[in-house]
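Trainee: make a model of this:
(chains A and B)
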Amino acid sequence: MQMKKLDDIFLSRWLNNELSEDELTQFKASKHYDTYVNIIKGTDKLQAPSYNLNEAFLSIKENRNVENFISTKKPSKNKWQLGVAASVILLIGLFAYVNFFSATVYSSDFGKQLAFELPDGSKVLLNSKSSIEFNERNWNNNRTLKLQGEAFFDVEKGNTFTVKTSQGEVSVLGTEFNVKAITDLFKVSCYEGKVKVEDYTDSSVRNLTPSLGYQNIKNHDAITLNFDNTRPEWMSQQSVFKSTPIKYVLRALEKQYQLQFEYQGFDDSVLFTGSFPNNNKEIALQTVLKSVNLKYTIQGNSIILED
Amino acid sequence: MPDSKNNDTGLCKEKSFQAFFNTNATLLRNFLYYKYGGIEDIDDIVQDSFIKLWNNCTKVTLETAKSYLFRIAINQSTSLFRHNAVKLKHQKEVKNINHSSTNESPEYILEEKEFMVKLENAISSLPERQREVFLLNRIEKKTYKEIAELSGVSVKAIEKLMHKALLKLRTEIENIP
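Mentor: A predicted model of the protein is given here:
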């Protein structure tokens, strides 16, 4: 076979596991292949020097105060008048912009969780690779937000609080609950108070009380779950699954550890009950994959699965 | 303009600004470090950039804040580093301690040490854009798309830089006896 001319992004495609089988075989046979593999292995051991976030933030706060103090002390009448004219225009412009177009978005990265407070003091904890969008300005009149992924909510008392997802919506008065909405999977768990769940896929509506959950996975019957933990497992660095098709478990692993599974020819609807840790990739992979008898090889961020 | 009057974007409040800082500071700092090396200057630039962003918190939304921040930092750095030779030093810490105990003879360890020295030198000698992209991808585990967004270029451009970086590293390493 004729060796194809290497294009100018060939190595990038290799790192991303985008090479065709032929390309990969040829590449592996080339005399430079080992050096490339060693470069990648070696670089993966490197780290930037550690960075102390708290210290850095404190020093930003201090320096900022000093800077602002100095700049407000500067007397200059003409400049000041000019400044006001300009600021007024800016304020109007900004007001219109924020009011009509801007939604506040919080999102979390692979393997990271993010905690924040909503304007009414309700607390949200976002699980990895998830995002929440809401209108901050109008929040107290309309407590509605959009969720992609998974989040835990501790809602302050007030008017109805609604979480919309692509598959259903959850509304409550003041309570604690967890919503998980990824493609084809919709799961709600109630920890305190009372939660109303509206499932878009079958237009059903039901109420959940504490320790009750609801789960709807595409091509499976919707079920009501009982649980006895007081917080979602992912908040304690665990991901737990009950009768969940293995493909959603794989997807959760992908989100947690920024991986990509590649597989063919095994039944990915096999049900999985069990858990994996959120802070140890090797153990997580072993626990899940061994329990369903799958062999795997790791290639960078890709995991190739074999029966 | 003091920020007390208008904090629509949410970024002005200390709590939300700190949250934003916590999610982005390490990445910004490492981004600059990979590009230029030299920790003290970098930490100053990170600090100045965040102060500028905070002082301008009413003019940016949470969505635009990140790219605004990176732009400030890059602008500040170019004037500062233009004439500086860059020497990168990485900690030789091994991240995965778990699978180190097996089949590692002293010769193997020595060989690996030598290779790491070569590799670090090769990385230091990369042009700054290539080094930045390569290390963001390999160490920070950022996708090509995410890196492209950070510096406002196309994914294709990142893929080309990545390819060039690897090619250059390989030739550097293979040419050292």
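
Trainee: wait, residue B:149 touches residue B:67, no?
Mentor: Yes - look at residue B:149 against residue B:67 with CB atoms under 8 Å: they come within range, at 7.3 Å. For glycine as for every other residue, the C-beta is placed from the backbone atoms N, C-alpha and C.

Trainee: list the buried residues for the longest helix that chain B contains?
Mentor: For chain B, the helix that runs over the most residues, judged by DSSP state H, is helix B:14-36. Within helix B:14-36, the residues that count as buried by 16 or more other CB atoms under 10 Å in any protein chain shown are B:16-21, B:23-36.

Trainee: could you chop the chain up by domain?
Mentor: I'll assume chain A. With automatic domain parsing as the criterion, the domains of chain A are listed as A:73-102, A:104-233, A:237-306.

Trainee: not quite, go with chain B.
Mentor: Split by automatic domain parsing, chain B gives B:14-81, B:106-175.

Trainee: neighbours of residue A:221, how many?
Mentor: 7 (other CB atoms under 10 Å in any protein chain shown).

Trainee: number of nearby residues for residue A:212?
Mentor: 19.

Trainee: sec struct for the closest residue to it other than its chain neighbours, please.
Mentor: Nearest in space to residue A:212, with sequence neighbours left out and distances taken as CB to CB, 6 or more residues apart in numbering or on different chains, is residue A:190 at 5.6 Å. Assigned by DSSP: H, G, I helix; E, B strand; the rest coil, the conformation of residue A:190 is strand.

Trainee: now residue A:190: how far from chain B?
Mentor: 27 Å (CB to the nearest CB, to the nearest Å).

Trainee: confirm that residue A:162 sits in a helix.
Mentor: No - going by three-state DSSP, the assignment for residue A:162 is strand, not a helix.

Trainee: what residues does it make contact with?
Mentor: By CB atoms under 8 Å, 6 or more residues apart in numbering or on different chains, the residues touching residue A:162 are A:143-145, A:169-171.

Trainee: buried sites along stretch B:169-177?
Mentor: B:169-170, B:172-173.

Trainee: residue A:211 against residue A:230, yeah?
Mentor: No - the criterion here is CB under 8 Å, and residue A:211 misses it with residue A:230 at 9.1 Å.

Trainee: who has more neighbours, these two?
Mentor: Set residue A:211 next to residue A:230 and count neighbours by other CB under 10 Å: residue A:211 wins out with 15 against 11.

Trainee: torsion angles phi and psi at the residue minimising distance to the centre of chain A?
Mentor: Most central in chain A under CA atoms, centre = their mean is residue A:129, positioned 1.5 Å from the mean C-alpha point. In terms of degrees, to the nearest 10, the main-chain angles of residue A:129 are phi 50, psi 50.

Trainee: pretty sure it sits against residue A:151.
Mentor: No - using CB under 8 Å, residue A:129 is not in contact with residue A:151, being 11.5 Å away.

Trainee: SS state for residue A:18?
Mentor: Quick answer, by three-state DSSP: residue A:18 is coil.

Trainee: so, low pLDDT: which residues of chain B?
Mentor: Where chain B drops to pLDDT under 70, the residues are B:1-9, B:38-40, B:79-106, B:109, B:177.

Trainee: what residue is smack in the middle of it?
Mentor: Central residue of chain B (CA atoms, centre = their mean): residue B:31, at 1.6 Å.

Trainee: quick one: that one and chain A, what's the gap?
Mentor: 10 Å.

Trainee: list the residues that contact that residue.
Mentor: B:70, B:73, B:132, B:136, B:140, B:150.

Trainee: out of the residues you listed, which touch chain A?
Mentor: Residues shared between these and the neighbourhood of chain A: none [CB under 8 Å from any CB of the partner chain].

Trainee: that older thread, and the domains of chain A, which one averages the lowest pLDDT?
Mentor: Lowest mean pLDDT within the domains of chain A: domain A:73-102, a mean of 41.

Trainee: just to revisit the earlier point, and the residue nearest to residue A:212, bridged to which residues?
Mentor: residue A:177 (DSSP bridges).
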